[in-house]
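Novice: With the input below, show me the fold.
(one chain, ligands or ions: 1)
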Amino acid sequence: MSMYDKSIGKEARASLEFAEGQREAEWKYPSFALELFHGRFDTKLIHPFPKQSPEDKQKGDAYLAKLEKFLKENLDPNQVDRDSVIPDKVLKGLADLKAFAMKIPEAYGGLGLSQVNYNRAIHLISSYCASTAVVLSAHQSIGVPEPLKQFGTDQQKKKYFPKFVDGMISAFALTESEAGSDPRNMSTTAIPSEDGKYYILNGEKLWCTNGLIADVIAVMAVTPPKIIKGKEQKQITAFIVETDSPGFEIVHRCHFMGLHGIQNGLIRFKNLKVPKENIILGEGQGLKLALMTLNTGRLTLPAASVGIGKWCLYVCREWSCERVQWGLPVGQHESIALKLADIAAYTFAMEAMTWMTSFMADDKHKDIRLEAAIAKYFCTYHSYRIANETLQIRAGSGYETSESLKKRGMKSWAVERTLRDVRINQIIEGTSEIMHLFIAREALDPHLNRTKALMTSKTSMGEKFKAVLGIIGYYVPWYISLWIPVVSAQTDMHPKLDKHMRYIKRTSKRLARLVIHKMAKHQKKMATKQSVVNRIVDIGTELFAMATACSYADHLIKNEKGKENALDLADLYCLSARKDIESFFRGSCSNHDKQSLSVSKKLMAKSYEWLENDIIKVA
Ligand SMILES: Cc1cc2nc3c(=O)[nH]c(=O)nc-3n(C[C@H](O)[C@H](O)[C@H](O)COP(=O)(O)OP(=O)(O)OC[C@H]3O[C@@H](n4cnc5c(N)ncnc54)[C@H](O)[C@@H]3O)c2cc1C
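Specialist: Residues are numbered from 1 along each chain as shown. Sure, this is the predicted structure:
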C-alpha cells in the first residue's frame, strides 16, 4: 500500500515511504498545534503561560551567572572567528563548569538542567559566541547524551554519563555526501561479525560537528535489511562509536561561511569494530531515534535564535539613537523606525514560542513534534532576517569587521560575524523546506489515518464501505462545526489580546476548511504539492506564534512589573502575522505557481542559459 501518487516516480516514492516507515505513528499526548490545523482551539494547552518553579529558576539563574562570568573573562569570540578554533583552555573551563553535562542527570554527577534552563544557557552563549554554543549543542542536543538519556540502557548510561561530566565531547553523524535531507541514500554499513559480538562499520560521514574533537559519536549506519510485510526494508541503526577505535579516521576539516570555531569534518570508518552493546534503542531503530531525539534537540535552535535576536535588538537600539544623519538619529527616520519595531515585535514572538515549547518539553505530557518543528522553522527564519536588517541599520559599520572597527576606535559590534554565524540555522537539524514537509505530514496525520483505507487498492470493498461510513460519521459533523461562527475566545486576556485570540480561533477553522478542500482536490498528489502545503504550514505557524505571543504577553502583564508594555509587542506582532496569514489564504486561491513551476522546469532544461551570458563561470 502506498499513500503516494505513482506520478512522482519510483525513487521519490521509495524515499517518502521509507521516511513514512520511520515516523512516530502514535500521538500519546495532546498537541496544541495539531488541534489548530483541525479547526480546534484548545486554549488551556497554551494559557496561562507556563512558569518556572522558583527552585528551577534559581538553579538556572545561578548557573547562567557562572557561565556569563566565565565567558566574558575567558572567551574572545573575534579570536575564535579569526583563528578558527575555540582555545583548549576555554573548552577545559567549560568542562569544569560541567557545560558538557548540562542535561546529564544529577544522579550521574551532571547538572540535570531542565530543558528550560538548558535552553536559557544556550540562549545566553549564542548571544556572545555562536561557535561555542554550537559545540555545546551538537554535543548534547543531538550528540550522545540526549539519545542515551531518552533511550539508553542502564549500562550505557553508567559507562558514558560520568565521562560527559568530566568534559568528554560527543557528536552526531547522520549526513553523508549523498544523504543530506534524504536518509534513504545512506551508504555507511554496519555488518554483524560472525560471532555476533560486533558490528563492522565502513563508510564516511560528512559535516559532522565536533567530529574532529569528539571522543564518542552517535553514528547512523545501514544494518542488514529485514523482510517486513513481505517486502525487503532498509534498516538504519544508531551506534555509539568511540573515536579511539582502530579504523576511525578524520579525512578533512570543513570550513564554513560562519561558525569558524566549530571542528566539523568528513570522517571515515574502515572496518571499525563496534560492540553490539553500543546499539542505541535497537537494530533498525536508528532513524526513528534520530527523529525522536530531534523533537527535543531542535529546541536549542529557537533558543539560540532568540539570543541572537535580542543581541541585534540591543545593537539596533543603541545605534539608532546615537547615529545622527540628516539632522536626526537614524531611528527617527521612518524607514529605520519601522524596521526597529519589526525587530522588537518578532524578537518578542520568537521568545514567546521558544519558552512555550521549552516548557512543553519539560512537561512530558504534551506532544511537541509539531511545536518544536514550527519553532525551529519560525525562529531560525526570523533571526536571520533580523540579523540582516541589523546589518542594514548599521550600514557600512555593520559590514565592517568587529576588529577593524575596534582598531579605529569605534563600537565593535560584530554584526557581520553574527549574520555569517546565524545563517546555518535554517539548514542544520532539518532545512526549512524539510520542516515544511515534516509539519505538513504530521498536521495531516489524522486525516491520512481516516482516509487510509480508501487510498489503497488492496483494501476489500467491504472494508472500503466501512471506511466510508466512518468517514461520513466523523467528517459531516466536523465539517459543519467549522462553519459555526466564533463569538468568543473564552480567555481572560486584555481586550487587545482577546481580539487576536478570537481571530486565531476563527482562522483555525478556516485553515481546517482549506486543508480539507485541498486534500479533496489533490488527494494522493497532496504530498508533492509543496506549493499548496507550504501555505497551509505557514498559516498554522503564524497562528501558533500569535497564540504563544498573546499568552506570553498576558503572563508578563499580570506577573512581571515593568513589562506591561509587552502588550504593544504582542499586538504589533499579531497585526503583522494577520497580514501574512491573509496573504497566504489569498495565495491558496489565486497565485502564479503554475507559471513559476513552468519557468523552473524550462530553466532546469537550460532554456534560459542565454541569461547567464558574459559572466565568468567557475566551479
Ligand atoms: C555547519 C554544518 C554543520 C552540520 N552538522 C551536522 C552534524 O553534526 N551531523 C550531521 O549529521 N549533519 C550535519 N550537517 C548536515 C546538515 O544537517 C545538512 O546540510 C542538512 O541536513 C541538509 O542536507 P544537504 O546540505 O545535503 O542538502 P540537500 O538535502 O541536498 O538539499 C538541497 C536543497 O534541496 C532542498 N530539499 C531537499 N529535499 C527536498 C524535498 N523533498 N522537498 C523540498 N526541498 C527539498 C533542501 O531544503 C535544500 O534547500 C551540518 C551541516 C553544516 C553545513
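
Novice: tally of neighbours for the closest residue to the ligand within the stretch 501-619 of the chain?
Specialist: Nearest residue of the stretch 501-619 of the chain to the ligand, counting by Cβ to the nearest ligand atom: residue 530, 6.0 Å away. C-betas here are computed from N, CA, C, even on glycine. Counted by other Cβ atoms under 10 Å, the residues lying close to residue 530 total 15.

Novice: ditto for residue 542
Specialist: Around residue 542 there are 25 other residues, counting by other Cβ under 10 Å.

Novice: And the residue nearest the centre of the chain, how far from residue 436?
Specialist: The centroid of the chain falls nearest to residue 376 when counting by Cα atoms, centre = their mean (3.0 Å). Separation of residue 376 from residue 436 (Cβ to Cβ, to the nearest Å): 11 Å.

Novice: And the next helix or strand past the helix or strand containing residue 576?
Specialist: Using DSSP states H and E, residue 576 maps to helix 566-589. Sequence order places helix 593-604 as the next helix or strand after helix 566-589, per DSSP H and E.

Novice: How about residue 222: what's its closest non-neighbour residue?
Specialist: Among residues not flanking residue 222 along the chain, residue 189 sits closest, at 5.1 Å (Cβ to Cβ, 6 or more residues apart in numbering).

Novice: re the thing from before, how about the CA coordinates for the helix holding residue 576, as CSV?
Specialist: Only the C-alpha atoms of helix 566-589 are listed here, as CSV (Å, rounded to 0.1, in the frame of the first residue of the first chain):
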residue,chain,number,x,y,z
ALA,A,566,4.6,43.6,26.3
LEU,A,567,1.1,44.2,25.1
ASP,A,568,2.3,46.6,22.4
LEU,A,569,4.8,44.0,21.1
ALA,A,570,2.3,41.1,21.0
ASP,A,571,-0.3,43.4,19.4
LEU,A,572,2.2,44.5,16.7
TYR,A,573,3.4,41.0,16.0
CYS,A,574,-0.2,39.8,15.7
LEU,A,575,-1.2,42.6,13.4
SER,A,576,1.8,41.7,11.2
ALA,A,577,1.1,38.0,11.3
ARG,A,578,-2.6,38.6,10.4
LYS,A,579,-1.5,40.4,7.3
ASP,A,580,0.8,37.5,6.3
ILE,A,581,-1.9,34.9,7.1
GLU,A,582,-4.5,36.7,4.8
SER,A,583,-1.9,36.8,2.1
PHE,A,584,-1.3,33.0,2.4
PHE,A,585,-5.1,32.4,2.2
ARG,A,586,-5.3,34.6,-0.9
GLY,A,587,-2.3,32.8,-2.4
SER,A,588,-4.0,29.5,-1.8
CYS,A,589,-6.8,30.5,-4.2
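
Novice: Who are the packing partners of that helix?
Specialist: Helices and strands touching helix 566-589, as assessed by 3 or more Cβ pairs under 8 Å, 6 or more residues apart in numbering; DSSP states H and E, comprise helix 334-363, helix 495-522, helix 530-559.

Novice: Quick check: phi and psi on the one residue in the chain that gets nearest to the ligand?
Specialist: Relative to the ligand, the nearest point of the chain is residue 180 (1.9 Å; Cβ to the nearest ligand atom). When read as degrees, to the nearest 10, the backbone of residue 180 gives phi -100, psi -90.

Novice: Can you pull the poorly scored residue ranges out of the chain?
Specialist: 1-2, 453-459, 464 (pLDDT under 70).

Novice: Name the residues of it found near the ligand, please.
Specialist: Residues of the chain lying close to the ligand (Cβ under 6 Å from any ligand atom) are 138, 171-175, 180-181, 207-209, 256, 259, 264, 424, 427-428, 431, 433-434, 437.

Novice: so where does residue 136 fall, helix or strand?
Specialist: Following DSSP H and E, one finds residue 136 within helix 130-137.

Novice: Follow the chain on from that helix and name the next helix or strand.
Specialist: Next in sequence after helix 130-137, counting helices and strands by DSSP H and E, comes helix 145-151.

Novice: With just CA atoms, put the helix or strand just after that next one into PDB.
Specialist: For helix 145-151, the succeeding helix or strand toward the C-terminus, using DSSP H and E, is helix 154-165. Output of helix 154-165 as PDB, limited to C-alpha atoms (Å, rounded to 0.1, in the frame of the first residue of the first chain):
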ATOM      1  CA  ASP A 154      21.500   1.500  32.300                       C
ATOM      2  CA  GLN A 155      24.800   0.000  31.300                       C
ATOM      3  CA  GLN A 156      25.300   2.700  28.600                       C
ATOM      4  CA  LYS A 157      24.300   5.500  30.900                       C
ATOM      5  CA  LYS A 158      26.700   4.200  33.700                       C
ATOM      6  CA  LYS A 159      29.500   4.000  31.200                       C
ATOM      7  CA  TYR A 160      29.200   7.300  29.400                       C
ATOM      8  CA  PHE A 161      27.400   9.800  31.600                       C
ATOM      9  CA  PRO A 162      30.200  10.200  34.100                       C
ATOM     10  CA  LYS A 163      32.600  10.800  31.200                       C
ATOM     11  CA  PHE A 164      30.500  13.700  29.900                       C
ATOM     12  CA  VAL A 165      30.600  15.100  33.400                       C
END
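
Novice: Great, nothing more from me.
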